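Peer 1: Below are the sequence and a predicted model for it; my questions follow.
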Amino acid sequence: MTAQLDGLVAIVTGGASGIGAAIARALADEGAQVAVLDRDPSGAEERFAAFAADVSSRAEVDAAVAAVAERFGRIDIVVNNAGIGAQGDIAANDDDEWARVLSINVTGIARVTSAALPWLRQSPAAAVCNTSSIAATAGLPQRALYSASKGAVLSMTRAMAADHLREGIRVNAVNPGTADTPWIGRLLDSAPDPAAERAALEARQPHGRLVSPEEVAGAVLYLVSPQSGSTTGTYIEVDGGMAALRLRPA
Ligand code: NAD
């Protein structure tokens, strides 16, 4: 049986860890040649073509995307997944921190997608998927900057979909709820009792557990595969029902 993404080349940013690593595996399992673009790609080289680049640097992104195109001769899929967190209310972060987070979580998507655009325009199966978050819609306490960045990801996704519809490039997003990744592991490890904190976090999820990175990857795989050929400018919530129930991961 032919795999869904046979012959296609995919870039996955932040593909060395967590959700991005699961996405890279899912796309490769369906036949894609995967290029991981990460500021710290260590570990990804074992299975994927790995390119070191910080998405907050236009020069590094341009060089890495050019290197992917040079190596594979095409780019069909871009998964803009690299992102960082930020804590606190609207007054908690100074201008430098606002600029840093927005440069990675929002402008990073513009940098990577623009660099890949000439290649996506030539692809018969072009698709972009952006990783947003439940923070985009939930009104999370103490996450003003992070929520602003992820809300921008959703509105940018719709605008990108509209701009590139006639060029045959689809653009969608995923909104993960709290997912079991090294990022969340680091947060739990900083608590006085990480095991108790994890149990409390799981109990706050509507389905009683954290979202798995593979579950997010499954939604991304659908959104970048030909199966979703009539779907663009929208997002899938992978959050155990949290948004549907109007709950917030406090
Ligand atoms: P993670 O920290 O486990 O992995 C993030 C990866 O992105 C790492 O490999 C890191 O090196 C890379 N990265 C970070 N900044 C980068 C930069 N400037 N340039 C290039 N690469 C960079 O995180 P994760 O939990 O897998 O999160 C991945 C995405 O999912 C992020 O966009 C995050 O906002 C989003 N998300 C995560 C959760 C969650 O609960 N884990 C929930 C909702 C959304």
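Peer 2: On my side now, so go ahead.
Peer 1: can you pull out the strands in the protein?
Peer 2: Secondary structure of the chain (DSSP state E): strands at 9-13, 33-38, 49-52, 77-80, 127-131, 170-176, 235-238.
Peer 1: Now mean neighbour count too, for those strands, in CSV please.
Peer 2: Every C-beta, even on glycine, is put in place using the N, C-alpha and C of the backbone. Listed next are the strands of the chain as CSV, based on neighbours: other Cβ atoms under 10 Å:
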stretch, mean neighbour count
strand 9-13, 30
strand 33-38, 28
strand 49-52, 20
strand 77-80, 31
strand 127-131, 27
strand 170-176, 27
strand 235-238, 20
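Peer 1: Out of the ones you listed, flag the one nearest W183.
Peer 2: strand 170-176 (10.7 Å; Cβ to Cβ).
Peer 1: The closest one vs strand 127-131, what angle?
Peer 2: Strand 170-176 and strand 127-131 meet at an angle of 20 degrees, taking axes from the mean of the first three to the mean of the last three Cα atoms, to 10 degrees as the criterion.
Peer 1: Could you tell me which other helices and strands strand 170-176 packs against?
Peer 2: strand 127-131, helix 144-164, helix 213-224, strand 235-238 (3 or more Cβ pairs under 8 Å, 6 or more residues apart in numbering; DSSP states H and E).
Peer 1: give me that answer again for 10 Å
Peer 2: helix 18-29, strand 77-80, helix 108-120, strand 127-131, helix 135-138, helix 144-164, helix 213-224, strand 235-238 (3 or more Cβ pairs under 10 Å, 6 or more residues apart in numbering; DSSP states H and E).
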